[in-house]
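Participant: After the sequence you'll find the predicted model.
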Amino acid sequence: MIVSEIFRSLQGEGKNQGRPCTFIRLAGCNLRCAWCDTPYARKGGKEMSVAQILDLIWLQNGKHICITGGEPLLWAEEVLELLRKFDIHGYNVEIETNGTLDFREMQAYASICMDVKCPSSGEKSNLALLRHITPRDSVKFVVADENDLLYARAVMAHYEIQGEVFISPVEGADYRAIAEYIVEEDLPVRFQVQLHKILGVK
């Protein structure tokens, strides 16, 4: 598989926000979101085997892993092999996915964070996958404006989402207006800004 980067940082978003984490960012993506903040991950990286990745991870401190992208499920077979190895060794793993590819096979070994694409992204997720989100998993809507919020609200009304739901503003959006909308409409979500952007780290 092609690896864009492997690094240690704090988890900047989602249910594990603020926790130390080792990130495995895989290259390639099947979407082209208008506000993508890791466009470099769409392109090249270093070809690495599962064994080579594991050798690097064993040298890192900590037991929390985030497999992200790009879109990591483009490498589903290799990711599943990684997950099985991590499971044996007691790692806690989460997968960040754009909600276009079936993640069910991964759920025995990792929690899923499904990023549901809103209109401002210019892309669409497969909303049918929301039926497979469990209480262990989570869903994220990255929003830029009221139109995105209305879309997120409509999706939540249509699908009974079992995992925690996050609303995360696009960098540069009106954070206060988004927060006020959530409060006024009493949306069943947690408002969350990207911690890593505030800290200026990956």
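Facilitator: Everything's here; your move. Because the structure is predicted, anything quoted here is derived from the model rather than measured.

Participant: okay, now the residue nearest to residue 159 when sequence neighbours are not counted: neighbour count?
Facilitator: Nearest residue to residue 159 in three dimensions, chain neighbours excluded: residue 130, at 4.3 Å (C-beta to C-beta, 6 or more residues apart in numbering). Heads up, the C-betas are built off the backbone N, CA and C, glycines and all. Close neighbours of residue 130, defined as other C-beta atoms under 10 Å, add up to 22.

Participant: Can you mark which positions in whichever strand or helix holds residue 22 are buried?
Facilitator: Element membership for residue 22 (DSSP states H and E) is strand 20-26. Judged by neighbour count using 16 or more other C-beta atoms under 10 Å, the buried positions of strand 20-26 are 21-26.

Participant: helix, strand or coil for the residue nearest to residue 159?
Facilitator: Secondary structure assignment for residue 130 (DSSP: H, G, I helix; E, B strand; the rest coil): helix.

Participant: doesn't residue 25 make contact with residue 38?
Facilitator: Yes - assessed by C-beta atoms under 8 Å, residue 38 is found in contact with residue 25 at 7.2 Å.

Participant: list residues touching both of the two?
Facilitator: Listed contacts common to residue 38 and residue 25 are 4, 69-70; contacts here mean C-beta atoms under 8 Å, 6 or more residues apart in numbering.
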